[in-house]
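In: Mind folding the following:
(one chain, ligands or ions: 1)
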Amino acid sequence: MTSTDDRNAGESGRTDTDASDDARQFGDLTLLATDITLDYPVRIAREEKTRGLFSSAGERGVVHAVRGVCLAARQGEFIGLVGRNGSGKSALLRVLAGVEAPTTGEVFAASKPQLMGVGAALMPHLTGLDNIRIGLLAMGLTPDEVQARIAQVAELADIGDSIRMPMRTYSSGMRARLRFSISVAAEPDIIMIDEALSTGDDAFRERSNQAMKDLIARSGTGFLVNHSAPVIRELCTRVVWMDKGEIVEDGETIRVMKDYSMFMNALRKHGEKKALEVKARYASTFEERIEDIRRGTVDT
Ligand SMILES: Nc1ncnc2c1ncn2[C@@H]1O[C@H](COP(=O)(O)OP(=O)(O)OP(=O)(O)O)[C@@H](O)[C@H]1O
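Out: Prediction:
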């Protein structure tokens, strides 16, 4: 059956329905990444070569940290990045956040993403309070806004009187809490978190999870790298499973986490060969993912 729209299609073959579908699907896009690759040149020590750890014939090799990643994110999505160690999650996050340039491909973002990572810079010789002030100013808040939010940041971090001590005296958990609290207080539209939520006690985890939910309610977009399946299941509306720098599967949280856990179980119990067979069942091609993004049919 041919619809009116189909009959009205011009030489391009596109219809009015296609155009309004595109407007609907792309209207709430907050981030689009096209064909991202990230290569790291590495020098391979002679002894590593002779032990057969690297296949490179020369002294120099390349690590393909991210390969051919296409990704579209929308308002109100909280996207979990999962994958075994070294699968490229953190590298991809750094590229999406704009802190590292991809080797190929492009990232378009509706506003500047705020990356909270384990290594995010805070100044060790300054107090927690001074780091809050500087952090919020650096994220574009006015001095009046900074003043109005300091108490809120300190309350979320909940590190007591240490807030008046130099950061170099903090434990790694305290530093992570402060970093998280500063980043959330700036209310970024796009937030990217690398493992930060796994630090801290239960009460802090609860408060930080709530802060994430508030962000989703404000129609922001979140990305979360985390090795905890319960955390991903609780917070994420969508999950991207990566392996060897590539996206294996991108879709609805429960389904992707089920497939990913089957892969990890196979890896643990039967080794790499069996795990790759499991992975092959779920892997989509580059072209299929592009088409999913174009049509907006990535399950969300
Ligand atoms: N600066 C770098 N120089 C060379 N190789 C790097 C660099 N950073 C990351 N890599 C390599 O890129 C690949 C992807 O690393 P990445 O840290 O993104 O993995 P990940 O999935 O976040 O791992 P994990 O779960 O262990 O944190 C790995 O093989 C890693 O060794």
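
In: Verify the contact between A283 and V248 for me.
Out: Yes: assessed by C-beta atoms under 8 Å, A283 is found in contact with V248 at 5.1 Å. The way it works is simple: take the backbone N, C-alpha and C, and place the C-beta from them, glycine included.

In: Could you pull out the strands in the stretch 201-300 of the chain for me?
Out: 221-225, 238-243, 246-252 (DSSP state E, counting those that start in this stretch).

In: if you compare the ones you listed, which one is most tucked away?
Out: Each of those was scored by mean neighbour count; the highest is strand 221-225, a mean of 25, by mean count of other C-beta atoms under 10 Å.

In: Return the list of strands paired to that one, each annotated with direction.
Out: Strand 221-225 has the following sheet partners, assigned by DSSP bridges: strand 78-82 (parallel), strand 190-194 (parallel).

In: got TSV for the ones you listed, with distance to T237 and mean neighbour count too?
Out: Converted to TSV, the strands paired with strand 221-225 look like this (distance: least, C-beta to C-beta, whole Å; neighbours: other C-beta atoms under 10 Å):
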stretch	distance to T237	mean neighbour count
strand 78-82	5	26
strand 190-194	14	24
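
In: least reliable of those going by mean pLDDT?
Out: Here the strands paired with strand 221-225 differ in mean pLDDT, and the lowest is strand 190-194 at a mean of 86.

In: what distance separates it from the centre of its chain?
Out: 6 Å (C-alpha atoms, centre = their mean, to the nearest Å).

In: Keeping just the C-alphas, turn it into CSV.
Out: The C-alpha trace of strand 190-194 is given here as CSV (Å, rounded to 0.1, in the frame of the first residue of the first chain):
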residue,chain,number,x,y,z
ILE,A,190,25.4,16.5,29.8
ILE,A,191,27.2,14.7,32.6
MET,A,192,29.8,11.9,32.2
ILE,A,193,30.8,9.9,35.2
ASP,A,194,33.7,7.4,35.3
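
In: I'd assumed L32 was in a helix, is it?
Out: No: membership of L32 in a helix is not supported by DSSP: H, G, I helix; E, B strand; the rest coil, which gives strand.

In: Counting neighbours, what do you get for it?
Out: For L32, the tally of surrounding residues (other C-beta atoms under 10 Å) stands at 16.

In: Now do the buried residues in stretch 205-222.
Out: The neighbour-count check on stretch 205-222 (16 or more other C-beta atoms under 10 Å) flags 205, 207-208, 211-212, 215-216, 220-222 as buried.

In: The ligand: which of these is nearest?
Out: The closest of these to the ligand turns out to be G222 (C-beta to the nearest ligand atom; 16.9 Å).

In: Specify the beta-bridge partners of the closest one.
Out: Beta-bridge partners for G222, by DSSP bridges, are F78, I191.

In: Quick check: bridge partners of the nearest residue to F108 once chain neighbours are set aside?
Out: In space, and not counting its chain neighbours, F108 is closest to L32: 4.6 Å by C-beta to C-beta, 6 or more residues apart in numbering. Here L32 shows beta-bridge partners A72, F108, assigned using DSSP bridges.

In: gap between L32 and A217?
Out: Computed as C-beta to C-beta, to the nearest Å, the L32 to A217 distance reads 23 Å.
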